[in-house]
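Enquirer: Quick one, structure for this:
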Amino acid sequence: MWTEIPEHRRATAWTEEAESARDGAAPMERRMPALAPGTLYRMVAGVDPAPRPMTPAELADLGDPMAGTFFRARKFPMTVQDVLAGLPAPGPTSPQSVYLIGEAGQIPPERFPKLRRDLRFAITRGVAGRDIDLLVSTGANGDPAKTFLQVAAWDPVAKVFNYYMRITPTWVWSGNSWSALAAESRGKACFDSHVNGSVVMKELKLPWINWQSQAATIQIAPTDPLLKNPLYQQVTGAQNLEVSIRPLVRRWTAARIAHVTTGGTVDHPDHLLRQLVTTTTINLASTATQSSGVTKDSPDLVLPVGFWLNNDALFDVLEIPSQAGAPAVRAALYVDSLTTFQFRLEEKASGFTQPGDTFFAFVVPEAAYEDLDVVSQLIDTEVLTARFVACALMVDFTNPVFSPDRAHLMRYVPRVRTPVAGLSERIAGAIVAGAAGKPASSPEAVFAANWAVPERDWRTVFGARTDAYLGKVSARITTPTGFEDYTRLAESRRRDFRRMKLNEFALTLPVTNIAANAPALRMGEDGTVTVR
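Expert: So this is what the prediction gives:
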């Protein structure tokens, strides 16, 4: 949670340092100075140079169930079973659900016995009512006392998530949601994945890539002791976790916006608007089609709409009308691309390689739900206008993630406490003024052209643009050259994702013969792909 570790040993969901149980203690645990049992430590990366015991006042300020049930009572459970047993028994007022994830989950274990499986449990637990208060993550294989154990706990008084990690023989508090936004700790340790302070489920939508769900069952060897694990026997589908994660994200977003918008002002508008115009974090999307079953005679593959544009924001939140269907590729072109680009799965640590795509075809990064939720709630609370948000998102809208053009607009966003009234207009005015003398293709000029569309017309005008664009894509994707370009574009965005700390396991994405240092690509509004 607090140090850099090899890619294949990083975690997912709301945790950052998942360890394969076969490897014993996590690297952080091996590098930590000796910690005393019966003491809660704090170690916020970028703030604390070393772990130190929390003071009585600091401990008293923690209002989440982990602190209240265990730490203030000087109880320090060392396994996930001990944590769950120490909480109120599951029931209608303290619901519990168990989920299972593993990037190698669809690779037959008997065929590749040396492959790192890295299966993890994700457990949601209510304590004070039907709402989820605790999110627990731990390894599913091996000794539960040696694998990683981490908890995100909601504090209903402070209205933050507190992040904890067991470091035998005790526990360490690594910060809360606000730590993710503080300059000194942002992007460090657990906040390299919990970038905005919220819980994370990267694979949030159908088919819930890599999770056990109604779309796929993780393969377990018949002799695997995991089959007898009581937690495994409680595993439910990730479609239920999606339903739980979204309200948790909204809970923190609402608390955060309420906290920074007081007295008719907003503190650090830049912290909020970077979730509008930059890629702070990522979700992963794919088709719902299992790649191994695709032949040249299979039905067309409908690719993720979030690959083409930010449909969740443009169509759902902003209600821009669209008549265009989702672009689909002929199965024969997809199958040919697997050979042309030498698609394969690789896990170098175990020497594993397998030709072909990921289990679900065409995994790509898309705009993250937590960014979307901030934008949605900023509109609902009238901090920003829907028109301003639309004008910003329509800058380079054909590149819904990793857009330097949209990120360029951040220079016009205030970085100090600013009145809420007229915030959208002030930022828009600054951008429009900045467009003077710049080419029509500049981010400022594109925004200015968007802003010039009359209030009554912007939804219709922007809807026509998105439909025209999707129509051009739908035409180009039917040609071998067109789909090859889109395959290269997908790989370019995967390379951008691989540079993020969220890229935690080698088998999350396929490997191709496209060079790791190939030029970054971008999509144009005419449906063509060019160098970024």
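Enquirer: so who does the residue lying closest to residue 319 once chain neighbours are set aside touch?
Expert: Counting by CB to CB, 6 or more residues apart in numbering, residue 459 is the residue found nearest to residue 319 once chain neighbours are left out, at 6.7 Å. (C-beta placed from N, C-alpha, C; glycine too.) Residue 459 is in contact with 318-321, 390, counting by CB atoms under 8 Å, 6 or more residues apart in numbering.
Enquirer: how close does residue 459 sit to residue 309?
Expert: 15 Å (CB to CB, to the nearest Å).
Enquirer: mind listing the strands in the stretch 101-250 of the chain by residue range?
Expert: With strands called from DSSP state E, counting those that start in this stretch, the stretch 101-250 of the chain shows them at 120-125, 134-139, 149-155, 160-167, 170-176.
Enquirer: which helix in this structure runs the most residues?
Expert: For the chain, the helix that runs over the most residues, judged by DSSP state H, is helix 238-260.
Enquirer: CA atoms only for that one, dumped as PDB, please.
Expert: Extracted C-alpha coordinates of helix 238-260, given in PDB (Å, rounded to 0.1, in the frame of the first residue of the first chain):
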ATOM      1  CA  ALA A 238     -19.900  -9.000  -9.400                       C
ATOM      2  CA  GLN A 239     -23.100  -7.600 -10.900                       C
ATOM      3  CA  ASN A 240     -24.100  -7.200  -7.300                       C
ATOM      4  CA  LEU A 241     -20.900  -5.400  -6.400                       C
ATOM      5  CA  GLU A 242     -21.500  -2.900  -9.100                       C
ATOM      6  CA  VAL A 243     -24.800  -2.000  -7.500                       C
ATOM      7  CA  SER A 244     -23.000  -1.500  -4.200                       C
ATOM      8  CA  ILE A 245     -19.900   0.400  -5.400                       C
ATOM      9  CA  ARG A 246     -21.800   3.200  -7.200                       C
ATOM     10  CA  PRO A 247     -23.700   4.400  -4.100                       C
ATOM     11  CA  LEU A 248     -20.400   4.300  -2.100                       C
ATOM     12  CA  VAL A 249     -18.700   6.600  -4.700                       C
ATOM     13  CA  ARG A 250     -21.700   8.900  -4.700                       C
ATOM     14  CA  ARG A 251     -21.600   9.000  -0.800                       C
ATOM     15  CA  TRP A 252     -18.100  10.300  -0.800                       C
ATOM     16  CA  THR A 253     -18.600  12.700  -3.700                       C
ATOM     17  CA  ALA A 254     -21.600  14.300  -2.000                       C
ATOM     18  CA  ALA A 255     -19.700  14.700   1.300                       C
ATOM     19  CA  ARG A 256     -16.700  16.200  -0.600                       C
ATOM     20  CA  ILE A 257     -18.700  18.700  -2.600                       C
ATOM     21  CA  ALA A 258     -20.700  19.700   0.500                       C
ATOM     22  CA  HIS A 259     -17.500  20.300   2.400                       C
ATOM     23  CA  VAL A 260     -15.800  22.500  -0.200                       C
END
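Enquirer: still on that earlier bit, the strands of the stretch 101-250 of the chain into JSON lines, with extra columns for mean neighbour count, mean pLDDT and distance to residue 108?
Expert: Listed next are those as JSON lines, based on neighbours: other CB atoms under 10 Å; pLDDT from 0 to 100; distance: least, CB to CB, whole Å:
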{"stretch": "strand 120-125", "mean neighbour count": "24", "mean pLDDT": "97", "distance to residue 108": "19"}
{"stretch": "strand 134-139", "mean neighbour count": "25", "mean pLDDT": "97", "distance to residue 108": "21"}
{"stretch": "strand 149-155", "mean neighbour count": "25", "mean pLDDT": "97", "distance to residue 108": "29"}
{"stretch": "strand 160-167", "mean neighbour count": "25", "mean pLDDT": "97", "distance to residue 108": "33"}
{"stretch": "strand 170-176", "mean neighbour count": "25", "mean pLDDT": "98", "distance to residue 108": "37"}
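Enquirer: Buried residues of stretch 226-241, list them for me.
Expert: 226, 229, 231-232, 235, 237-239, 241 (16 or more other CB atoms under 10 Å).
Enquirer: I should have written stretch 104-116 there, sorry.
Expert: Going by neighbour count (16+ other CB under 10 Å), the buried part of stretch 104-116 is 104-107, 109, 112, 115-116.
Enquirer: for that stretch, what is the average pLDDT?
Expert: Across stretch 104-116, pLDDT averages out at 92.
Enquirer: Okay, now it: how far is its last residue from its first?
Expert: 8 Å (CA to CA, to the nearest Å).
Enquirer: And stretch 39-53, by the same measure?
Expert: Chord length of stretch 39-53, first to last residue, is 6 Å (CA to CA).
Enquirer: Can you pull out the residues in contact with that stretch?
Expert: With contact meaning CB under 8 Å, 6+ apart, stretch 39-53 is reached by 2, 32-33, 35-36, 54, 58-59, 67, 71, 76, 167, 170-175, 179, 182, 184-186, 188-191.
Enquirer: Report the buried members of the residues you listed.
Expert: Among these, those classed as buried by 16+ other CB under 10 Å are 2, 32, 35, 54, 59, 67, 71, 76, 167, 170-175, 179, 185-186, 188-191.
Enquirer: For the nearest residue to residue 490 once chain neighbours are set aside, give the beta-bridge partners.
Expert: Spatial nearest neighbour of residue 490, excluding adjacent residues (CB to CB, 6+ apart): residue 364 at 5.0 Å. Here residue 364 shows beta-bridge partners residue 285, assigned using DSSP bridges.
Enquirer: which residues touch residue 364?
Expert: 284-286, 304, 306-307, 490, 493-494.
Enquirer: So of the buried residues of stretch 104-116, which two are at opposite extremes in space?
Expert: Greatest spacing in the buried residues of stretch 104-116, by CB to CB: 106 and 116 (14.3 Å).
Enquirer: sorry, back to before: what's the distance between the longest helix of the chain and the middle of its chain?
Expert: 13 Å (CA atoms, centre = their mean, to the nearest Å).
Enquirer: partner strands of the next helix or strand after that helix, parallel or antiparallel?
Expert: Next helix or strand after helix 238-260 toward the C-terminus (DSSP states H and E): strand 261-262. If you go by DSSP bridges, strand 261-262 pairs up with strand 265-266 (antiparallel).
Enquirer: if you average pLDDT over the partner strand, what comes out?
Expert: The model assigns strand 265-266 a mean pLDDT of 98.
Enquirer: All further residue positions should be reported with the first residue as 13.
Expert: Shifting the count to begin at 13 puts that one at strand 277-278.
Enquirer: low pLDDT regions in the protein?
Expert: Within the chain, the stretches with pLDDT under 70 are 13-44.
Enquirer: just checking, what packs against the helix or strand where residue 462 lies?
Expert: Assessed by DSSP H and E, residue 462 sits inside helix 455-463. Contacts defined by 3 or more CB pairs under 8 Å, 6 or more residues apart in numbering; DSSP states H and E place helix 455-463 against helix 398-405, helix 416-420, helix 435-446.
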